[in-house]
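1. Have a look; sequence and predicted model below, questions after that.
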Amino acid sequence: MKIKRVKVEREGITYTGLMMPSKGARIILKLDNGYNIGLKKEAKTKVTTLKDERVVSHKKTPPPSPNPSLPTVSILSTGGTIASKVDYRTGAVTSQFDVDDILSAIPELTEIANFRGKVIYNILSENMRAEYWQKLARAAADEIKKGADGIMVTHGTDTMTYTAAALSLMLKTSVPIVFVGSQRSADRPSSDNVVNAVCAAKVATSDIAEVVVVMHAGMSDDICLMHRGVRVRKMHSSRRDAFRSINAKPIGRIDYKTRKIRTTEKYRKRGEQELVLNDRLETKCALVKFSPGADPGVIDYYTSKGYKGLVIEGTGLGHVSTEWIPHIKKAIDNGVHMVMTSQCLGGRVCDRVYDTGRDLLNAGVIEGEDMLPEVALVKLMWVLAQTQNPAEVRQLMQTNIAGELSRRSKHA
Ligand code: ASP
């Protein structure tokens, strides 16, 4: 299929790019930097067709025949930007990637492993839910049982860390489970998809039998970092190096050009642990962020809706205003399990320093130690599916299960 390249002039500004299909009174242009713009078709808009057309093919290249000397990696795709491409027939960005699409877009992957794959979802990750984490965990366990040497999960970046935390808790894995995404789609020259996918594939064939997130380390296309799935957060809305380990160091780094992995932290090795799947979750849990003057009625609301657990993102060492404390106490007395975390993200909760903190402890709040708030939420869902006994919930919430918590913080 041939796509016209055009020059659009309007009000003294010239735009050059590919003319995307569009209905109605707008011209949609894919600019050379990859962004799309829409311009009204009006008398003052002058469109000139340029000579250089672009030919785009929708034909899939057939997958290469398996190389018996390479390991097998299973790609479980869930959607997101890494799985999206522009459909030049409709002009829309579609999320229609299966494993063959990924291999035709990034052929160098086939030098690293033989791939097989399953499309589990085709969604933007803001549409993920706890039930979807469970389906993904079961699919990963199935693939491992069927002999996959590693798993790569392609996922939208927005909520990737929630899903990575959920799989870290639900699966004790015997092989690497590597989450990867991209901040910028494949049709943009600054896309990070190739570097991230190649580095992720390398980790999926390594001896690191943990759930990890592999994404760009910096602004250049050279190094990716490997973060533990329960210690990582997306810290920027658009930069390629948005993912950062919090309260922990990354497990290691991958050099895209040499394909070498250098680990700097301890990790569980392939074969050290048999595969165990424990995919039960209590989904009636929520994360509540406190802000100055916020209405404590939000706690009563969740209690009245039958919620079993709440994680509070408090201020500083783990605080809420004095006004919130009786509401929290009432919820706990009614059987709601409450965990305190900090919106500082870095550091740990300590409610013994200030009065409001001591009052929270007296009310029965569980200190979330140095867990990220969203990780504490996923963990509370997982813990409450095992037990609802308050002492056991407290004990499990304060026990390190998958590297999400340390009893003592190391000062950098
Ligand atoms: N909103 C998208 C998602 O999380 C962004 C991305 O994929 O990076 O699915």
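-> In hand now; what should we look at? What you are looking at is a predicted structure, and each value in this text was computed from that prediction instead of being measured. Numbers count the residues shown, from 1 in each chain.

2. ok and the residue in the chain nearest the ligand?
-> In the chain, no residue comes nearer to the ligand than G156, which is 1.9 Å away by Cβ to the nearest ligand atom. (Glycine included, C-beta is placed from N, CA and C.)

3. That residue: neighbour count?
-> 24 (other Cβ atoms under 10 Å).

4. Spit out the contact partners of it.
-> By Cβ atoms under 8 Å, 6 or more residues apart in numbering, the residues touching G156 are 78-82, 123-126, 128, 181.

5. Rebuild the residues you listed as CSV, extending it with pLDDT and distance to the ligand.
-> Putting those into CSV (pLDDT from 0 to 100; distance: Cβ to the nearest ligand atom, whole Å) gives the following:
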residue, pLDDT, distance to the ligand
T78, 93, 9
G79, 85, 6
G80, 79, 3
T81, 76, 3
I82, 75, 7
I123, 88, 7
L124, 88, 4
S125, 92, 3
E126, 94, 6
M128, 96, 8
G181, 91, 5
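
6. what ranges do the helices span in this protein?
-> With helices called from DSSP state H, the chain shows them at 99-105, 130-145, 160-170, 193-204, 297-304, 325-333, 355-363, 373-386, 390-397.

7. Write out the residues of the protein neighbouring the ligand.
-> The chain has residues 80-81, 124-126, 156-158, 181, 183 near the ligand, with proximity defined as Cβ under 6 Å from any ligand atom.

8. Of those, which is the nearest to K135?
-> Each of those was checked against K135 using Cβ to Cβ; the closest is S125, at 14.1 Å.

9. I figured the closest one was touching D158, is that so?
-> Yes - taking contacts as Cβ atoms under 8 Å, S125 lies within contact range of D158: 4.8 Å.

10. any shared contact partners between these two?
-> G80.

11. where do the strands sit along the stretch 101-250 of the chain?
-> Using DSSP state E, counting those that start in this stretch, the strands of the stretch 101-250 of the chain run over 114-123, 150-154, 171-172, 177-180, 211-216, 223-228, 232-234, 243-245.

12. Make a markdown table out of the ones you listed and add distance to E265.
-> Output for the strands of the stretch 101-250 of the chain, formatted as a markdown table (distance: least, Cβ to Cβ, whole Å):
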| stretch | distance to E265 |
| --- | --- |
| strand 114-123 | 28 |
| strand 150-154 | 19 |
| strand 171-172 | 19 |
| strand 177-180 | 16 |
| strand 211-216 | 11 |
| strand 223-228 | 8 |
| strand 232-234 | 13 |
| strand 243-245 | 9 |
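
13. would you list those in a markdown table and tack on mean neighbour count and distance to E323?
-> Output for the strands of the stretch 101-250 of the chain, formatted as a markdown table (neighbours: other Cβ atoms under 10 Å; distance: least, Cβ to Cβ, whole Å):
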| stretch | mean neighbour count | distance to E323 |
| --- | --- | --- |
| strand 114-123 | 18 | 39 |
| strand 150-154 | 28 | 42 |
| strand 171-172 | 22 | 41 |
| strand 177-180 | 29 | 40 |
| strand 211-216 | 29 | 38 |
| strand 223-228 | 25 | 37 |
| strand 232-234 | 21 | 29 |
| strand 243-245 | 20 | 34 |
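
14. Which among those is found nearest to L29?
-> Between L29 and the strands of the stretch 101-250 of the chain, the shortest separation by Cβ to Cβ is 26.6 Å, and it involves strand 114-123.

15. so who does the residue most central in space within the chain touch?
-> Nearest to the mean C-alpha position of the chain, by Cα atoms, centre = their mean, lies M160 at 1.1 Å. Applying Cβ under 8 Å, 6+ apart to M160 gives the contacts 80, 125, 179, 181, 213, 234.

16. Mean pLDDT lowest where, among the helices of the chain?
-> Here the lowest mean pLDDT among the helices of the chain goes to helix 99-105, at a mean of 82.

17. So which elements touch that one?
-> Judged by 3 or more Cβ pairs under 8 Å, 6 or more residues apart in numbering; DSSP states H and E, helix 99-105 is in contact with strand 72-79, strand 114-123.

18. if you set the cut-off to 10 Å instead, what comes out?
-> Judged by 3 or more Cβ pairs under 10 Å, 6 or more residues apart in numbering; DSSP states H and E, helix 99-105 is in contact with strand 72-79, strand 114-123, strand 150-154, helix 193-204.

19. Just the buried positions in it, please.
-> Neighbour counts over helix 99-105 (16 or more other Cβ atoms under 10 Å) mark 99, 101-103, 105 as buried.

20. Same check on stretch 138-155?
-> Buried residues in stretch 138-155, counted by 16+ other Cβ under 10 Å: 139-141, 143-144, 148-155.
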